[in-house]
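J.: below: sequence and its predicted model.
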Amino acid sequence: MDKHNQSNKPQDTGHEWDGIRELTNPPPRWWLISFHIGWIWCIIYFLLYPSIPLINGSNEGLLGWTQIKEFKEAVVENEAVKAPYMAKLKAMSAGEIMADAELRNFAESAAKAVYGDSCAACHGAGGEGAEGLFPVLADDDWLFGGDIDTIIETITEGRMADMPAHADMLESDQIEKLADFVVALPRGEATQEGWALFEEAGCMGCHGDNAKGGALNDDTFSGAANLTDQVWRFGGSREAVLRTIRYGVNQEDIAETRSAIMPAFGVKLTPEQIKILAIKVHAMGGGK
Amino acid sequence: MSENRQVSDSIDDLYADTLHYHVNTGGETIHAKRMPGRFRNLKWLSMSSWLLFFISPYLQWNGHQALLFDIPGRKFYLFGITIWPQDIWMLSLVLIMLAITLFGVTAVAGRLFCGYFCFQTVWTDIFTFIEDKIEGSPMQRRKLDKAPWSADKIRKKVIKHTLWILIAILTGITFAAYFTNSFELWHDYLTLSASLIAWVVLGLFIAGTYILAGFMREQVCFWLCPYARIQSVMVDKDSILPTYDYHRGEPRGKVKGGDESSKGDCIDCKVCVGVCPTGVDIREGLSEGCITCGMCIDACDSIMDRVNKPRGLIRYLSQKEMEGEKLPPLFRRPRVITYSTIFMLAVAGIIYGLATIPPIELSIVHSRQPLFMRMSDGSIQNKYTIKAVNKLETDQRVSLSVQSGSGNIRLVDEAYFRDITLKAGKLVPFSIFLLADPDTLKQENSDVRLTIQGITQPEITVTYDSVFVGPKGR
């Protein structure tokens, strides 16, 4: 009647190895249940999901589920959330978008990916540029102009500045003196002699008679740098300035010339992408 | 050959223990007898605390569900308190508190949780209660299990399993109701329009409740539950557990006529075994299967009453008391002191946390790329991303300002930030710029403090300390 007192000897399979006997205790019920659930699960899973590797991919599975399908569905879902904002971005001008705090925030976030794809390689993830090579976007010094429309134009059309090489046009000591003048300008130590040379050498033609460069003198074409501020396009050391004056910018057939070409992104990006990019660039720290 | 025989004999000695050691692997369903008594009543009382589980999801508080774990929205509502992911550290304290409560209670009174409160025990008890009402006493149940299928057997089994599944469904829906609007959930389930995840949760809970409480029962306590094992090692010689008083009981045996004097009080009626929901024989001493529910105490007491012996042959008793020692008072046991200290600390932490949840959570990330920017006039600009969460249920107008210990550091576009609006229950990151004259910066890194000052609610002041980075070599 009482099973606790019934047992006499543990059941035995009759197998014995060096005194170790194999008993026939049944596995616990929970283990059996889990085991059966386990293999049933395997079969169901095998049938429902892609599980047989074939030559071109795998079988479909009864659910027709694949990771890439799920991903694409999620993308569609995400696009649906973004759609009303995107419609607004499309309809409104960049200026209007910037006036609306929420939309501006959305535009800046939405521009993150396209900025990373198209801009960050040269201008850096935070618009910090690369010294002497690629211009900084996060400061308030603009070669072609820092207002939103000019930024859109710059991205769409691209830019290519043109500064002649002066190595053959000026005497060597003139170039040295010009370099001294340019280095002294931002420190407020420029001499009258320097200004005279600046005019005589024809620098004023592009950099303006105040040396403040193109953008500040209503010239959005030449891209001539502002020489009076603390920001240097190609480096502020005397050597760097000397090189720029001697070999110019974007001069063909001159090995040492400064290269400064911004490609036109109008062919690669949509106007909306460019619009939000411009808003992001404008918000990086120095938009006008 | 004879040598082999000898080896085999000594091996038998080795296994001598297993003769008495019965391992319950669930090969046979345990049909425990239900007997009324003190501990039975206590068990009903403690089990009824689970009614709260079924009622709570429908309570309302200030226009929202009183208890709501909104996982997609990442907010937990506990009556008037809203817990954001930032406050989740309190959850760890709650878990510590619960664990320590379990440890402390176990050290004092054994597996009290297992016997009286655990959902496995409670649901199993309800399921067997139904079984008892429909299929009859344990004897009848065993007979029914062995009987060939008949109309009566089918009727009884169908009713029983239907009731079990109904309870399982109710359990599943109730659980799911904590995570979404409970009334909408009922509507969605009843109109078969619930979301996939809701169906999956319900399905898992139905299967879990039905299988665990209907079929696996004590097997869960024996082989699945980690807390059963943890609690077993937390018991010491001071813990009071249902114990068979072998001094009084042994030698056990049936009362036959006159020679009562040579026998102990145990009449070996095995009622204590018959009522045990986990099939333990309490007279064999401490058992891994004992959930300390006290059913055997009720059973034994009723028998002792009938044979005119004092109650308490099986009673809550510590091992020390069993050995004739005195039980030290609670406050002199190191375990109790340690557990209560940790418990108090956790509770204090939770109270502190709940009382000081800031209405606006501010965090500021200094832009690392670039660390700082030199502007055309030579000044230094730093960019920061502000993440201000308004945890209140109304929009808040606030002002943002900057204070710096050294250096003339100012906020760009300061006028705009004097009155900005933080949307209710939202986090919308935005950027700010700080500008400084490099000549006033005394070191590379200067401390700055950003303050959000409430305008709608002027008593709100939140500050965040950050750093302003300037050029090196100054």
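T.: Sure, I can see it.
J.: how many residues are close by the residue in the stretch 1-150 of chain A that chain B sits nearest to?
T.: Using CB to the nearest CB, the closest approach of the stretch 1-150 of chain A to chain B is made by A:Arg29 at 2.9 Å. In this view, the C-beta of every residue, glycine as well, is placed from N, C-alpha and C. Counted with other CB atoms under 10 Å in any protein chain shown, residues neighbouring A:Arg29 total 20.
J.: need phi/psi at the residue nearest to it when sequence neighbours are not counted.
T.: Spatially, and ignoring its direct neighbours in sequence, A:Arg29 is nearest to B:Gly26 (2.9 Å; CB to CB, 6 or more residues apart in numbering or on different chains). Here is the backbone geometry of B:Gly26 (degrees, to the nearest 10): phi 80, psi 10.
J.: who are the contact partners of the residue of the stretch 1-150 of chain A closest to chain B?
T.: Contacts here follow CB atoms under 8 Å, 6 or more residues apart in numbering or on different chains; on that basis A:Arg29 touches B:Thr25, B:Gly26, B:Gly27, B:Met216, B:Gln219.
J.: flag every residue of the stretch 151-288 of chain A that's near chain B.
T.: Residues of the stretch 151-288 of chain A lying close to chain B (CB under 8 Å from any CB of the partner chain) are A:Pro186, A:Asn226, A:Asp229, A:Gln230, A:Val231, A:Ala283, A:Met284, A:Gly285, A:Gly286.
J.: and these as JSON lines, adding pLDDT?
T.: As requested, these are exported to JSON lines (pLDDT from 0 to 100):
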{"residue": "A:Pro186", "pLDDT": "90"}
{"residue": "A:Asn226", "pLDDT": "91"}
{"residue": "A:Asp229", "pLDDT": "89"}
{"residue": "A:Gln230", "pLDDT": "89"}
{"residue": "A:Val231", "pLDDT": "90"}
{"residue": "A:Ala283", "pLDDT": "91"}
{"residue": "A:Met284", "pLDDT": "90"}
{"residue": "A:Gly285", "pLDDT": "85"}
{"residue": "A:Gly286", "pLDDT": "84"}
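J.: pLDDT weak spots in the stretch 101-250 of chain A?
T.: The stretch 101-250 of chain A contains no residues with pLDDT under 70.
J.: any chance you could map the helices in it?
T.: A:101-118, A:120-123, A:148-157, A:172-184, A:192-200, A:204-207, A:213-216, A:238-247 (DSSP state H, counting those that start in this stretch).
J.: would a markdown table of these with distance to B:Ser379 and mean neighbour count be doable?
T.: Output for these, formatted as a markdown table (distance: least, CB to CB, whole Å; neighbours: other CB atoms under 10 Å in any protein chain shown):
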| stretch | distance to B:Ser379 | mean neighbour count |
| --- | --- | --- |
| helix A:101-118 | 23 | 17 |
| helix A:120-123 | 21 | 16 |
| helix A:148-157 | 22 | 19 |
| helix A:172-184 | 20 | 17 |
| helix A:192-200 | 25 | 14 |
| helix A:204-207 | 23 | 18 |
| helix A:213-216 | 17 | 22 |
| helix A:238-247 | 22 | 18 |
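J.: so the residue nearest to A:Arg29 sits right up against B:Met216, yeah?
T.: Yes: using CB atoms under 8 Å, B:Gly26 makes contact with B:Met216 at a distance of 7.0 Å.
J.: mutual contacts of those two, please.
T.: Common contacts of B:Gly26 and B:Met216 (CB under 8 Å, 6+ apart): A:Arg29, A:Trp30.
J.: in stretch B:337-353, what's buried?
T.: Across stretch B:337-353, burial judged by 16 or more other CB atoms under 10 Å in any protein chain shown covers B:Tyr339, B:Ile342, B:Phe343, B:Ala346, B:Val347, B:Gly349, B:Ile350, B:Gly353.
J.: flag every residue of the stretch 201-350 of chain B that's near chain A.
T.: B:Ile211, B:Phe215, B:Met216, B:Gln219, B:Val220, B:Phe222, B:Trp223, B:Leu224, B:Lys270, B:Val273, B:Asp281, B:Glu284.
J.: closest to A:Asp141 out of those residues?
T.: Distances from A:Asp141 to these, taken as CB to CB, are shortest for B:Leu224 (69.3 Å).
J.: pull stretch B:363-378 out as PDB, backbone CA atoms only.
T.: Extracted in PDB, the C-alpha atoms of stretch B:363-378 (Å, rounded to 0.1, in the frame of the first residue of the first chain):
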ATOM      1  CA  SER B 363      21.600  64.900 -19.100                       C
ATOM      2  CA  ILE B 364      24.100  66.700 -21.200                       C
ATOM      3  CA  VAL B 365      26.500  65.200 -23.700                       C
ATOM      4  CA  HIS B 366      29.500  67.300 -24.700                       C
ATOM      5  CA  SER B 367      30.200  66.900 -28.400                       C
ATOM      6  CA  ARG B 368      33.500  65.000 -28.800                       C
ATOM      7  CA  GLN B 369      33.900  65.600 -32.500                       C
ATOM      8  CA  PRO B 370      35.100  68.300 -32.600                       C
ATOM      9  CA  LEU B 371      35.900  68.900 -28.900                       C
ATOM     10  CA  PHE B 372      35.900  72.600 -29.500                       C
ATOM     11  CA  MET B 373      35.800  74.900 -32.500                       C
ATOM     12  CA  ARG B 374      37.800  78.100 -33.000                       C
ATOM     13  CA  MET B 375      35.500  80.800 -34.500                       C
ATOM     14  CA  SER B 376      36.500  83.500 -36.900                       C
ATOM     15  CA  ASP B 377      36.900  86.100 -34.100                       C
ATOM     16  CA  GLY B 378      39.100  83.600 -32.200                       C
END
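J.: residue boundaries of the strands in the stretch 101-250 of chain B?
T.: B:240-244 (DSSP state E, counting those that start in this stretch).
J.: just give the nearest non-adjacent residue to B:Asp465, would you?
T.: For B:Asp465, the closest residue by CB to CB, 6+ apart turns out to be B:Arg449, at 5.2 Å.
J.: so which bits of the strand or helix carrying that neighbour are buried?
T.: Using DSSP states H and E, the element containing B:Arg449 is strand B:445-454. Going by neighbour count (16+ other CB under 10 Å), the buried part of strand B:445-454 is B:Ser446, B:Val448, B:Leu450, B:Ile452, B:Gln453, B:Gly454.
J.: immediately after that strand, which helix or strand?
T.: Next in line after strand B:445-454, if elements are assigned by DSSP H and E, sits strand B:461-469.
J.: on that earlier part again, what pLDDT does the residue of the stretch 1-150 of chain A closest to chain B get?
T.: Per-residue confidence at A:Arg29 stands at 81 (pLDDT).
J.: show the low-confidence segments of chain B, by residue range.
T.: Where chain B drops to pLDDT under 70, the residues are B:1-22, B:255-261, B:407, B:473-474.
J.: tell me the pLDDT at A:Pro271?
T.: pLDDT, A:Pro271: 91.
J.: any idea how far chain B is from it?
T.: 25 Å (CB to the nearest CB, to the nearest Å).
J.: what about that residue, how many residues nearby?
T.: The number of residues near A:Pro271, taken as other CB under 10 Å, comes to 10.
J.: what comes into contact with the lengthiest strand in chain A?
T.: In chain A, assigned by DSSP state E, the strand with the most residues is strand A:12-17. For strand A:12-17, contacts defined as CB under 8 Å, 6+ apart pick out A:Arg21, A:Glu22, A:Leu23, A:Thr24, B:Ser8.
J.: just the helices in the stretch 51-200 of chain B please.
T.: Going by DSSP H, counting those that start in this stretch, the stretch 51-200 of chain B shows helices at B:51-55, B:89-109, B:112, B:119-135, B:138-146, B:151-177, B:182-190, B:196-211.
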